[in-house]
Structures are given as C-alpha cells and as structure tokens.
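Colleague: Predicted coordinates and the sequence they were generated for:
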Amino acid sequence: MKLYYPWLMAVLAALTLLVSNGMTLTGLSVFDESLLAEFGWSRGELKLRDLITLLMTGILAPFAGILIDRYGVRICFMAGWLVLIIAFWMYGNISSLMDMYLIHIMFAIVLVFCGLNPGVILVSQWFTEKRGAAIGIALVGTSLGGAVFPQYGTRMIEALGWRDAFHSEIIFPVILLLLAFFVIKNKPSDIGMEPVGGKEEVSTEGELPGMEYREAISTVSFWALASVAMFTFYSVLGISAHLFLYMRDLDFSPPVAANFISTFFLCALAGKFVFGFLADYLDHKKVFYGNISVMLVGSIILAAMQKDLIWLSVVLFGLGWGGVYTMIQLTAINCFGLKAAGKILGTITILDAFGGGLGIWLSGVLNDTYGNYELAFQIFAALIFLALLAITQIKNIPVRSAAAE
C-alpha cells in the first residue's frame with residue numbers, strides 16, 4: 001500500500017480541488033438564472049459575489065499560507081470543509097444580496113484552506129521526481145469540478161428547485177472531511193516513507209531548499225509569473241462564470257448551456273494532465289508559450305461573437321487554459337522551491353484572485369451596460385496577449401525542481 005500512497009495523495013488532492021472549486025466557483029453559474037428570476041438582481045450585482053470571494057481569497061491567502069506552513073495541509077483541509085458545509089446550508093436559505101455576499105466571504109476561507117495552494121503543496125511534499133505529472137493529476141480536480149457540478153446542479157434544480165439543490169451538495173464536503181481525517185497525511189515521513197525520487201536535500205538547519213520569501217518576490221520572474229496568473233485568471237474565470245448566461249442569451253436550453261461549461265472544463269482537464277506530463281520532459285518555457293498561444297486563439301474566436309464557432313472557441317480556450325494552470329503552479333515550485341512555498345503561492349494568489357474576481361464582476365457590468373458580451377470578450381483576448389508577452393520575462397526556468405538541483 002505504501003508504494004501507492006504518494007499517488008493516492010495526488011488523487012485526493014484532485015478530489016479536494018474538484019469539490020472546493022466546483023462548489024464555490026465553477027459550479028455556481030447554473031444557479032444564476034434562478035437567482036436572477038427569484039430576486040430581480042442585475043448581473044453586475046449577482047457577479048459581485050465572485051469578486052468578493054476572490055478578493056477575500058487574495059487577502060487571506062498569505063495568512064493561510066503561514067498556517068499551512070506551520071500546521072500542515074491536513075488540518076487546514078478539515079477546517080475548510082466544515083466552513084463549506086455551513087455555507088451551503090446557508091445558501092439554500094438566502095433572502096437578500098447581503099446574505100449571498102456573506103456566504104461568499106466564507107467561500108474565500110474554503111478556497112485558501114482547501115484550494116489550489118494547499119493542494120499543490122501537499123503533492124509537492126510527496127514527490128521530488130515526477131512532480132509535474134503529480135501536480136497535473138491534482139489540478140485535474142479543478143477541471144472535473146467545472147465539468148461535474150454544472151451537470152449535477154442543473155439536474156438538481158430541475159428536480160428539487162434551486163434551494164434544495166444547494167442543500168443536496170452538502171454531502172460532498174462531508175465525504176472530503178472524512179477522507180482528510182482518516183487518510184490524508186501531510187508528508188511521507190508521517191508514515192515512515194520517503195518522497196518519490198528520494199528525500200529533499202535540506203540545509204544544515206533542516207530546512208527545505210529554495211528561496212526565502214523576500215528573495216523570491218524581489219525577482220522579475222516572480223512578478224512576470226504573477227502577471228500571467230492575473231491576466232489569464234481574469235479571462236478564464238470571466239468566461240466560465242458567464243458562459244451559462246451567454247448560452248441562455250443565445251436561446252440554448254439549460255442542459256445544453258451546462259454542456260458548454262462541462263466541455264470547457266473537460267478540455268482544461270486534458271490540458272492540465274497532458275501539459276503537466278510534457279513539462280517533465282520538455283523545456284518549460286516552450287510549453288508555456290504553447291499553452292498561452294492556444295488560449296489566445298480560442299479567445300479571439302470567442303470575441304468574434306459567431307454562434308457557430310462557439311464550440312471551437314470553448315475547446316481551444318479550455319485546452320490552452322488547462323496547460324497554463326498547471327505551468328503557473330509548477331513554475332512557481334520549480335523556480336522558487338518549497339522553503340516558502342505557502343507564502344509565495346499565497347502572494348501569487350492575491351493577484352490572480354483579484355484578476356479573476358474583476359473579470360467575473362466587470363464582465364457582468366459590461367453586459368448590463370451594453371446589452372451583450374462583445375467588449376468583455378475583446379478584453380479577454382487583449383489580456384491573454386499581454387500574458388504571452390509577460391512570459392518573456394520569466395528567466396532561467398529549470399527543467400527539474402529547484403529542490404532537486
């Protein structure tokens with residue numbers, strides 16, 4: 001059993017991201033039409049909830065990183081699942097915008113404790129070799145969440161109504177809470193194992209290798225990587241949050257609109273796994289350029305506002321994004337090491353969370369103002385092009401992890 005435990009941790013990290021991202025971000029948009037009809041809010045008012053979640057995620061991420069570095073991922077997972085259980089019970093009983101906004105502050109706690117950063121850190125502790133493939137497996141969870149929860153939510157809304165549909169999803173964090181308590185281990189030494197590839201080289205003080213936090217954030221590469229994250233998150237979260245409503249504007253049925261969302265995230269799933277695997281064997285920077293370029297083509301097609309080209313744009317956008325998502329995390333670990341990984345990834349999250357939240361909210365405001373998404377989609381394409389330029393400033397990305405050099 002021990003031989004498979006590192007890969008079990010990667011799979012459990014994937015399940016964690018599936019539920020945390022799927023329930024707090026990517027699976028919520030199928031509820032939008034019901035909420036707008038029930039309360040009469042504008043799209044800007046509705047989508048402000050996501051800006052609140054992601055801004056609070058950015059604010060809380062560095063502090064959560066400190067807790068992750070000090071107490072380990074397992075304890076943080078359990079705390080996050082408890083918060084999510086309470087939040088979804090409350091969501092099924094909301095009666096005002098303020099109720100919803102409060103719940104989305106709670107979602108920020110879930111994301112910093114059960115989201116991307118702790119998932120990447122957990123997997124990185126278990127692998128010194130094959131880290132790219134392992135992180136790719138873990139990050140598949142965010143895409144699966146975007147594929148599974150829109151389908152589940154659409155069917156539960158049709159069967160139970162939107163309030164009981166929210167309550168029905170509570171079972172998922174309950175299961176993950178039990179898995180965190182009984183199965184997840186912070187690091188191999190907790191069960192007498194070594195990481196895949198052998199132990200990390202440690203300093204004479206027993207610390208993991210890598211840059212100090214202040215050293216990392218003083219580099220051009222750090223800020224270039226953070227800019228890539230911010231620009232791409234603005235675009236991806238903006239389109240994923242509005243794709244359901246855009247499809248409904250074009251008179252597609254709710255199940256078909258949900259299929260568009262699932263297709264987007266399934267393509268991202270393929271991109272995460274494939275490009276994460278390739279990153280272990282090919283030059284990272286070339287893979288990064290390829291990811292962004294595919295994403296750029298998809299965004300340009302989307303901005304053309306041609307109904308018969310939407311499927312193609314969704315496929316390319318999702319495939320490119322999946323690779324970019326993996327490369328951002330892998331590049332951060334490989335460039336700066338594990339020594340201050342929680343703080344470094346937490347700081348990158350500040351910018352990407354701000355970008356993502358702004359993309360969701362501002363796209364809604366632009367739709368309210370102009371009556372369509374044309375300008376919003378053009379902004380997505382422009383920002384992805386800027387991300388492509390920012391990659392040129394990420395210097396000397398090593399092929400292997402910093403810890404292994």
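Modeller: Everything's here; your move. Numbers count the residues shown, from 1 in each chain.
Colleague: C-alpha from now on. contacts and neighbour counts both.
Modeller: OK.
Colleague: For the stretch 251-400 of the chain, give me the ranges with low pLDDT.
Modeller: Residues of the stretch 251-400 of the chain meeting the criterion pLDDT under 70: 276, 342, 396-400.
Colleague: got the CA positions of stretch 213-231 in PDB?
Modeller: Taking Å, rounded to 0.1, in the frame of the first residue of the first chain, the C-alpha atoms of stretch 213-231 are listed here in PDB:
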ATOM      1  CA  TYR A 213      10.100  34.800   0.500                       C
ATOM      2  CA  ARG A 214      11.600  38.200   0.300                       C
ATOM      3  CA  GLU A 215      14.300  37.000  -2.200                       C
ATOM      4  CA  ALA A 216      11.600  35.400  -4.400                       C
ATOM      5  CA  ILE A 217       9.300  38.500  -4.600                       C
ATOM      6  CA  SER A 218      12.300  40.700  -5.500                       C
ATOM      7  CA  THR A 219      12.800  38.900  -8.800                       C
ATOM      8  CA  VAL A 220      11.400  39.900 -12.200                       C
ATOM      9  CA  SER A 221      10.400  36.300 -12.800                       C
ATOM     10  CA  PHE A 222       8.100  36.300  -9.800                       C
ATOM     11  CA  TRP A 223       6.200  39.400 -10.900                       C
ATOM     12  CA  ALA A 224       6.100  38.200 -14.500                       C
ATOM     13  CA  LEU A 225       4.600  34.900 -13.400                       C
ATOM     14  CA  ALA A 226       2.100  36.800 -11.100                       C
ATOM     15  CA  SER A 227       1.100  38.900 -14.100                       C
ATOM     16  CA  VAL A 228       0.500  35.800 -16.200                       C
ATOM     17  CA  ALA A 229      -1.700  34.400 -13.500                       C
ATOM     18  CA  MET A 230      -3.700  37.700 -13.100                       C
ATOM     19  CA  PHE A 231      -4.300  38.200 -16.800                       C
END
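Colleague: Remind me what the helix or strand hosting Leu36 packs against, helices and strands.
Modeller: Secondary structure assignment for Leu36, by DSSP states H and E: helix 32-39. Secondary-structure packing of helix 32-39 (3 or more C-alpha pairs under 8 Å, 6 or more residues apart in numbering; DSSP states H and E): helix 43-71.
Colleague: Downstream of the helix it packs on, the next helix or strand is which one?
Modeller: Going down the chain from helix 43-71, the next helix or strand is helix 73-91, by DSSP H and E.
Colleague: Past that following helix, which element shows up next along the chain?
Modeller: Toward the C-terminus from helix 73-91 - assigned by DSSP H and E - lies helix 97-114.
Colleague: Would you check how far apart Gly92 and Glu158 are?
Modeller: Going from Gly92 to Glu158 by C-alpha to C-alpha, to the nearest Å gives 15 Å.
Colleague: Actually, Ile68.
Modeller: 40 Å.
Colleague: Name the residue in the two with the higher neighbour count.
Modeller: With neighbours defined as other C-alpha atoms under 10 Å, Ile68 and Glu158 compare such that Ile68 has more, 25 against 12.
Colleague: Gly198 and Gln125 touch, don't they?
Modeller: No. In this structure Gly198 lies outside contact range of Gln125 using C-alpha atoms under 8 Å: 11.0 Å.
Colleague: who has more neighbours, the two?
Modeller: Set side by side, Gly198 and Gln125 show more neighbours around Gln125, with 21 against 13, by other C-alpha under 10 Å.
Colleague: Please identify the helix or strand for that one.
Modeller: Using DSSP H and E, Gln125 falls in helix 116-126.
Colleague: before we move on, the earlier item: send the alpha carbons of the helix holding Leu36 over as CSV?
Modeller: Only the C-alpha atoms of helix 32-39 are listed here, as CSV (Å, rounded to 0.1, in the frame of the first residue of the first chain):
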residue,chain,number,x,y,z
ASP,A,32,-27.6,32.3,-11.8
GLU,A,33,-30.8,32.2,-13.9
SER,A,34,-32.8,31.0,-10.9
LEU,A,35,-31.4,33.7,-8.6
LEU,A,36,-31.9,36.5,-11.1
ALA,A,37,-35.5,35.4,-11.6
GLU,A,38,-36.2,35.0,-7.9
PHE,A,39,-34.7,38.3,-6.7
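Colleague: Could you pull up the mean pLDDT of that helix?
Modeller: For helix 32-39, mean pLDDT is 97.
Colleague: buried set for it?
Modeller: By neighbour count on 16 or more other C-alpha atoms under 10 Å, the buried set for helix 32-39 is Asp32.
Colleague: What lies in contact with it?
Modeller: Helix 32-39 is contacted by residues 41-43, 46, 96, 162, 245 when judged by C-alpha atoms under 8 Å, 6 or more residues apart in numbering.
Colleague: PyMOL command to pick out the buried ones of those?
Modeller: Here is the PyMOL command that selects the buried residues among the contacts of helix 32-39 (16+ other C-alpha under 10 Å):
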select buried, resi 43+46+162+245
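Colleague: those helices in the stretch 151-300 of the chain, which residues are they?
Modeller: Remark: helices assigned in the stretch 151-300 of the chain by DSSP state H, counting those that start in this stretch are 162-168, 171-182, 213-217, 220-249, 254-278, 284-303.
Colleague: Flag every buried residue along the last one.
Modeller: Just to be clear, that refers to helix 284-303. Using 16+ other C-alpha under 10 Å as the test for burial, helix 284-303 gives 284-285, 287-303.
Colleague: any weak-confidence spans in the stretch 1-150 of the chain?
Modeller: In the stretch 1-150 of the chain, residues with pLDDT under 70: 1-2.
Colleague: ok, back up a step: could you check how far the helix holding Gln125 is from the centre of its chain?
Modeller: Chain-centre distance of helix 116-126: 13 Å, with C-alpha atoms, centre = their mean, to the nearest Å.
Colleague: With stretch 318-334 instead?
Modeller: 10 Å.
Colleague: Alpha carbons of that stretch, in PDB - could you do that?
Modeller: Output in PDB follows, covering the C-alpha atoms of stretch 318-334 (Å, rounded to 0.1, in the frame of the first residue of the first chain):
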ATOM      1  CA  GLY A 318     -10.200  25.300 -22.200                       C
ATOM      2  CA  LEU A 319      -7.300  23.200 -23.600                       C
ATOM      3  CA  GLY A 320      -4.900  26.100 -23.500                       C
ATOM      4  CA  TRP A 321      -6.000  27.200 -20.000                       C
ATOM      5  CA  GLY A 322      -5.500  23.700 -18.600                       C
ATOM      6  CA  GLY A 323      -1.900  23.800 -19.600                       C
ATOM      7  CA  VAL A 324      -1.400  27.400 -18.400                       C
ATOM      8  CA  TYR A 325      -2.900  26.500 -15.000                       C
ATOM      9  CA  THR A 326      -0.500  23.600 -14.500                       C
ATOM     10  CA  MET A 327       2.500  25.600 -15.700                       C
ATOM     11  CA  ILE A 328       1.800  28.500 -13.300                       C
ATOM     12  CA  GLN A 329       1.900  26.200 -10.300                       C
ATOM     13  CA  LEU A 330       4.800  24.100 -11.500                       C
ATOM     14  CA  THR A 331       6.900  27.100 -12.500                       C
ATOM     15  CA  ALA A 332       6.400  28.700  -9.000                       C
ATOM     16  CA  ILE A 333       7.600  25.500  -7.300                       C
ATOM     17  CA  ASN A 334      10.500  24.900  -9.700                       C
END
